[in-house]
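Colleague: Okay, structure incoming, though there's no sequence with it:
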C-alpha cells in the first residue's frame with residue numbers, strides 16, 4: 001500500500017514536513033500523560049527510645065542485659081543499633097557496647113544511660129540498685 005501523500009507548501013520539503021509532523025505527534029504523546037494523583041503527604045519522622053528494664057535490683061557482681069527499643073525512619077537500615085551506653089556514676093559498674101551491665105562490688109543506686117547515636121538529644125535512663 002503506497003503512503004498517503006501529505007501536501008507540503010514546498011514539494012521539495014515534503015519529506016521534512018512528514019518528519020516534522022511525526023516528531024510533533026511523538027512529542028505530544030509524551031507530554032500528554034494522564035493526570036496522576038498527588039502523593040500522600042508523609043508524616044514527619046519522630047524518633048523514639050525506650051529502655052527495658054527501667055529498674056532492677058542486683059547482687060554485687062551480677063549482670064543484667066538492657067534493651068534499647070528504637071524506631072527507624074522509613075527505608076533506613078543500620079548496620080548496628082545506634083545506641084551509646086554508659087553508667088552515670090563513676091565506679092557504678094560496667095557496660096558492654098551491647099548494653100550488658102555488670103554491678104560493682106559496692107552496694108548503692110546506679111543509673112544506666114542510653115543515648116541514640118543518630119538523635120543525640122534522645123536518651124533514657126534505668127535505675128540499678130545493687131545490694
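Modeller: Noted; the coordinates are in hand. Here the structure is a predicted model, which is why all the values come from computation and not from measurement. Numbers count the residues shown, from 1 in each chain.

Colleague: Break this structure into its domains for me.
Modeller: Following automatic domain parsing, one gets these domains for the chain: 1-36, 49-130.

Colleague: what's the most buried one of the ones you listed?
Modeller: domain 49-130 (a mean of 15; mean count of other Cβ atoms under 10 Å). All C-beta atoms are positioned from the backbone trio N, CA, C, and that covers glycine.

Colleague: Endpoints of that one, how far apart?
Modeller: Length of domain 49-130, first residue to last, Cα to Cα, to the nearest Å: 25 Å.

Colleague: any chance of the domains of the chain in a markdown table, with distance to residue 42 too?
Modeller: Formatted as a markdown table, these follow (distance: least, Cβ to Cβ, whole Å):
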| stretch | distance to residue 42 |
| --- | --- |
| domain 1-36 | 17 |
| domain 49-130 | 8 |
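
Colleague: Minimum distance to residue 43: which of those domains has it?
Modeller: Nearest to residue 43 among the domains of the chain is domain 49-130 (9.8 Å), distances taken as Cβ to Cβ.
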